[in-house]
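Q: only geometry, no sequence info:
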C-alpha cells in the first residue's frame with residue numbers, strides 16, 4: 001500500500017464516504033478494494049436467495065449459500 005494507515009481508520013473513512021455524494025461513494029469503493037473489503041460484506045441479495053431456495057432442497061446449506069453468493073457477485077447470469 002502506498003500509505004500506512006490502520007485498517008480501522010480506513011474503514012471509518014469508507015463508511016463516512018458511503019454516506020456522501022456519488023463521487024465520494026466511488027472513492028469509498030476504490031478504498032474498499034485496496035483494503036480488501038467487500039461492499040456487500042457477506043449479504044446475499046434477495047433475488048439470488050429466492051433463486052437458491054428454488055434450486056436447492058435445503059436452505060440454508062453450504063451449496064445453496066455458495067450459489068447465492070456467486071449469484072450476488074454476478075459470476076453467472078441470473079435467471080429471469
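A: Great, that's in hand. Since we're looking at a predicted model, the values are computed, not measured. Numbering: from 1, shown residues only.
Q: Can you tell me the SS state at residue 10?
A: With DSSP: H, G, I helix; E, B strand; the rest coil as the basis, the three-state label of residue 10 is helix.
Q: how close does it sit to residue 27?
A: For residue 10, the distance to residue 27 (Cβ to Cβ, to the nearest Å) stands at 12 Å. Yep, even glycine has a C-beta here, placed from its N, CA and C like the rest.
Q: ok, now residue 13?
A: Taking Cβ to Cβ as the criterion, residue 13 is separated from residue 27 by 9 Å.
Q: ok, now residue 58?
A: Note on residue 58: its distance to residue 27, by Cβ to Cβ, is 41 Å.
Q: Of these two, give the one with the bigger neighbour count.
A: Each of residue 58 and residue 27 had its neighbours counted (other Cβ atoms under 10 Å), and the higher figure belongs to residue 27 (16 against 9).
Q: residue farthest from the centroid of this protein?
A: Farthest-out residue of the chain from its mean C-alpha position, per Cα atoms, centre = their mean: residue 57, at 25.2 Å.
Q: any idea which element that residue lies in?
A: Remark: residue 57 resides in no helix or strand, with elements defined by DSSP states H and E.
Q: How about residue 75?
A: With elements delineated by DSSP H and E, residue 75 resides in a region that no helix or strand encompasses.
Q: Counting neighbours, what do you get for it?
A: When counting by other Cβ under 10 Å, one arrives at 9 neighbours for residue 75.
Q: Next, give phi and psi for it.
A: When quoted as degrees, to the nearest 10, the phi and psi of residue 75 stand at phi -70, psi -20.
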